[in-house]
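**Student:** Turn this into a structure:
(chains A and B)
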Amino acid sequence: MKVEVIGFGQLADIFKTGSIKIEGIQSTDGLLSELKCRYPGLANARFTIAVDRQLVNGNTALKDGSVVALLPPFSGG
Amino acid sequence: MSTENRFDKYQRQVILKELGEAGQQKLFASKVLVVGAGGLGCPVLQYLTAAGVGNIGIVDDDTVAIHNLHRQPLYGPADVGSAKAVVAAVVLKKQNPDVAIQVYNERLTTENAERIINAFDIIVDGTDNFATRYLVNDACILLGKPLVFGAVLQFEGQVAVFDAKNHGASYRDLFPEPPKDDEVPNCADAGVIGVLPGIIGTMMACETVKWIAGIGKPLTGRMLTFNALENRFYTFNITPHSAGRERVPSNLENFRKTDYAWLCASVVTVPEIAVEEFEKLLNTDNLDIIDVREVGELPEVSAFKHRHRPLKQLAGLEPLHGKDTVVVFCQSGNRSRQAVTQLISSWGNDNKIFSLKGGIQAWVKHQSALKQ
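**Tutor:** Below is the predicted model of the structure:
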């Protein structure tokens, strides 16, 4: 099972790329701990999560091919 | 002016079957409040004025600065130092004399929000800080006003419509608690490409026109993001978040008691020094000044001796012998606060370490005020 992760805003800087593919992940909590291992900078970052274009609150099951977006808040105007 | 002439100016949009005279009539009769006349506010104001919105309110207590001009095309170099809301109103009035413009040359606060917001049908948020964004968000929920949200940073922007009476999604569903000042970079520190607020601001103006005329599918309950470097649009649906909804003040009385600036203030108390005090310190010889901005950030500082070490590479920096007072600066005072926290934890409390309040921008402003 493979999922795609898209980092927006400053998170793209942390990932060094706009999108990454990760295998063997079942849920958003599992994904987050894996990402925090690979990218320590993520620990201090603030973001909300959308799975397949729907905002999710709390741990959410992922499907093969799910696209997970990590979206930081912007305040600039 | 006769009714026929009244529509002439807008003929190219009135012939759209979706809008028609009925839609244009709704625009004539509408009242829109634009909070913030900066990068997002400028295009919003210009296009709503051009579209024939009957009544436009502008809230902004800021003055035009030279570094605003690359993304705020309502202003020119001659306006530097003048009140944005006042200058904008003069330009817009020339652009379309049919539009009534209400100037609020003040900051939106929990005290004046009810009075100002209640006078309008729909609110557009073009502010540049989380404290005001959460204040506007909560006020619109409590007063039942739709809110067109937009925000930008570097090459990326976000747009959404929060309609308390329809779907009910708000910014609190995305981020229940306001981020702290030093948790998220702002445009002063991280930069913004000039044309980006133009793109996001015109999308906000479009959402506003659609909402007023009741046409199309507004971004109600959804958020759209745009990445200018990749030309990538991404839209997602907002899910109600109970933790966010619980944090909206339960009524206007509680709203008035809420200190939004405090909610966004950093949790860590960082010793700060004001530019006036810093000026006095410059004459002492036990002072170590550190610039934590990235290489190449402007203005270059030559007026006083300093070390340069970007925030990301701060780890491992050693204190200078005999320099027990340390002042750290960046562009606006955000990154320097983080740097001070880091330096205190690695150097301990033997040195007096301060963050320059308001950053080098505040110092430059102070210098030019002294010259005048």
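
**Student:** got the residue ranges for the helices in chain A?
**Tutor:** A:10-15, A:28-38 (DSSP state H).

**Student:** wait, does the longest one make contact with chain B?
**Tutor:** No. Shown here: helix A:28-38 not in contact with chain B (C-beta under 8 Å from any C-beta of the partner chain), separated by at least 12.8 Å. In short, each C-beta sits where N, CA and C put it, glycine included.

**Student:** Summarise which helices and strands that helix is packed against.
**Tutor:** If contacts are counted by 3 or more C-beta pairs under 8 Å, 6 or more residues apart in numbering or on different chains; DSSP states H and E, helix A:28-38 sits against strand A:2-7, strand A:19-23.

**Student:** ranking those by burial, who's on top?
**Tutor:** strand A:2-7 (a mean of 20; mean count of other C-beta atoms under 10 Å in any protein chain shown).

**Student:** How about residues contacting that one?
**Tutor:** A:14-15, A:17-23, A:25, A:31, A:35, A:62, A:64-70, B:234 (C-beta atoms under 8 Å, 6 or more residues apart in numbering or on different chains).

**Student:** Kindly export the host helix or strand of residue B:280 (C-alpha atoms) in CSV.
**Tutor:** Residue B:280 belongs to helix B:275-281 when elements are defined using DSSP states H and E. As requested, the backbone C-alpha atoms of helix B:275-281 are provided in CSV (Å, rounded to 0.1, in the frame of the first residue of the first chain):
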residue,chain,number,x,y,z
VAL,B,275,15.0,50.5,19.3
GLU,B,276,15.5,53.6,21.5
GLU,B,277,17.2,51.5,24.2
PHE,B,278,19.3,49.7,21.6
GLU,B,279,20.4,53.0,20.2
LYS,B,280,21.8,53.9,23.6
LEU,B,281,23.6,50.5,23.9
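
**Student:** How far does whatever helix or strand comes next after that helix sit from its chain's centre?
**Tutor:** Sequence-wise, the next helix or strand downstream of helix B:275-281 (DSSP H and E) is strand B:287-291. Centroid separation between strand B:287-291 and its chain, computed with C-alpha atoms, centre = their mean, to the nearest Å, is 30 Å.

**Student:** do stretch B:97-104 as well
**Tutor:** Chain-centre distance of stretch B:97-104: 22 Å, with C-alpha atoms, centre = their mean.

**Student:** same thing with stretch B:94-105?
**Tutor:** Worked out by C-alpha atoms, centre = their mean, stretch B:94-105 lies 21 Å from the chain centre.

**Student:** Name the residues that touch that stretch?
**Tutor:** Here stretch B:94-105 makes contact (C-beta under 8 Å, 6+ apart) with B:6, B:9, B:46, B:49-50, B:52-61, B:83, B:85-86, B:89, B:92-93, B:112, B:116, B:119.
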